[in-house]
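> below is the sequence, then the predicted model.
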Amino acid sequence: MRHWLALWLILIGVAEARPREAVPEEDPVALAGLLVREGQWARASEILAEIPLDAERADPERLWMLRGLVELHEKKAIAASVSFQRALETATEGRELLELHLARALLAARDPVRALEALDRTGQMGESLPGTWLLRAQAYEEIGRPAEAWNALEQGANRLPDQPDLRRQQVFLLVRLGLLREAREHGEALLARQDSDAKDAIAISEALRRGGDTGEAMVILEAALLRQGNDRDLLVQSARAAIDDGQPRNAGRFLERAATLDPALALEAAEAYRRAGDLDAAQRMNGQVVDPVAKARQRLGLLLEGEEWERAVALEERLLRLDLGDDDGIAYGLAFAWFHLGAFDRSERWLATISEPEAYARATQLRVAMETCTSGGACP
């Protein structure tokens, strides 16, 4: 179910296909309908719960439909399917729309066979909606008939060429079937459309990445970057794929570009460069980090990794000013730097503040190293 995220957005537009009208205070069904249209689900649920099912002036078809919509929103799929079936028992018009809602509920209730039967009853109205084809494809996939799922998406895309989500779901279906090269090829075709955007490239590349083919994901992202190279999320996705592909330096470059659009990413760019062993670039990006605490913490780590002991201990005053003196990791880092400068008393002063078990174990090892040095042994 989670693979069809766009489905609900497409179908929500037909949730209550009646023109908006003034709602008399004495008409709770009409009020509930207005609340549903406005997305006030909790209030709509309260109103509906207060309406007796045998209310004298209640519209049973609309009442049961609204109950079903609210129950579906509340993830009560089985109850929703019962409500939509009750609505169909009294419906004289709009049965196709009710069948579509019933199919949604049945799919959510893991009953794809009956969902297909409901979709078959939506007629021409159903064929004109992209959500119908998406639901049909999902149902076929859930009962183990991927070829028919593909055909449903293909038919829908041919009937509704201005709906890219049908082609997008074909790509995701190919990924789930393990046909990653075909998924990349169809993804490239989708991205060539005028109505495609960076979100398409991100979604397709993420599907490929999770499918285990980072290389194909990178191909999609590289093509998208040529068109939309200043999109923050696209650059972040490219960095994620580069990390997976064992290219931390490229990830750092992507994140550095993204940091010009979102300064909060400077910290991640610095970390990517650190992983690549480019400490100069890491320190350069660290200089752009906005959060002073995160900046100082990362700076200390970079200086220790680069064995710049004097610069590391020079951070001591700033770290204390930022209330990081009680952080065991910071304490050990400063103790380690002072140790390498031969200032064992300063090192011990920091070691004495450590209590966290893992840091304490390392502190014990450092004390042993200091004892070795002071007793005339070889210093590590």
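Yep, it's here.
> I'd say V313 and L341 touch.
Yes. Counting by Cβ atoms under 8 Å, L341 is a contact partner of V313 at 6.7 Å. For the C-beta atoms, the positions are set from N, CA and C on the backbone; glycine is no exception.
> more crowded one of these two?
The neighbour count for V313 versus L341, taken as other Cβ atoms under 10 Å, is higher for V313 (23 against 13).
> and the more buried one, how close does it get to G131?
63 Å (Cβ to Cβ, to the nearest Å).
> can you pull the buried residues of stretch 123-132?
Residues of stretch 123-132 classed as buried by neighbour count (16 or more other Cβ atoms under 10 Å): M125, G126, L129, P130, G131, T132.
> quick one: mean pLDDT over that stretch.
In this model, stretch 123-132 has a mean pLDDT of 92.
> same check on stretch 187-196?
Here the average pLDDT along stretch 187-196 is 83.
> distance from the chain centre to that stretch, please.
Remark: stretch 187-196 is offset 22 Å from the chain centroid, using Cα atoms, centre = their mean, to the nearest Å.
> of the buried residues of stretch 123-132, just say which sits nearest to L173.
P130 (15.0 Å; Cβ to Cβ).
> can you pull the contacts of the closest one?
By Cβ atoms under 8 Å, 6 or more residues apart in numbering, the contact list for P130 reads I10, G156, L160, Q163, D165, L166.
> ditto for T90
So T90 contacts P60, E61, W64 (Cβ under 8 Å, 6+ apart).
> 6 Å instead?
Shown in contact with T90 (Cβ atoms under 6 Å, 6 or more residues apart in numbering): P60, E61.
> confidence score at it?
You'll see T90 listed with a pLDDT of 86.
> hmm, back to that, nearest to K76, of the contacts of P130?
Closest to K76, out of all of the contacts of P130 and judged by Cβ to Cβ, is I10, at 21.6 Å.
> tell me what the strand or helix carrying R297 is packed against?
Assigned by DSSP states H and E, R297 belongs to helix 292-305. In terms of contacts (3 or more Cβ pairs under 6 Å, 6 or more residues apart in numbering; DSSP states H and E), helix 292-305 is packed against helix 279-286, helix 309-313.
> tabulate those helices (TSV), appending mean pLDDT.
Shown next, in TSV, are the helices and strands packed on helix 292-305 (pLDDT from 0 to 100):
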stretch	mean pLDDT
helix 279-286	97
helix 309-313	96
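> dump these into TSV; add distance to L31 as well.
Below are these laid out as TSV (distance: least, Cβ to Cβ, whole Å):
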stretch	distance to L31
helix 279-286	55
helix 309-313	66
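> and A105, which of those helices is closest to it?
helix 279-286 (50.1 Å).
> rewinding a little: of the buried residues of stretch 123-132, which belong to helices?
M125, G126, P130, G131, T132 (DSSP state H).
> what's the local residue count around the nearest residue to the first one once chain neighbours are set aside?
Going back to what we said before, that points to M125. In space, and not counting its chain neighbours, M125 is closest to E96: 4.0 Å by Cβ to Cβ, 6 or more residues apart in numbering. Close neighbours of E96, defined as other Cβ under 10 Å, add up to 19.
> what strand or helix carries E96?
helix 95-108.
> from the contact counts, what lies against the longest helix seen in the chain?
Identified as the longest helix of the chain according to DSSP H is helix 357-374. Secondary-structure packing of helix 357-374 (3+ Cβ pairs under 6 Å, 6+ apart): helix 328-340.
> so for the helix it packs on, what gets flagged as buried?
Neighbour count says helix 328-340 has 328-340 buried, by 16+ other Cβ under 10 Å.
> now that helix: mean pLDDT?
On average, helix 328-340 scores 95.
> can you spell out which helices and strands pack onto the helix or strand following that helix?
Once the chain leaves helix 328-340, the next helix or strand it forms, by DSSP H and E, is helix 344-351. In terms of contacts (3+ Cβ pairs under 6 Å, 6+ apart), helix 344-351 is packed against helix 328-340.
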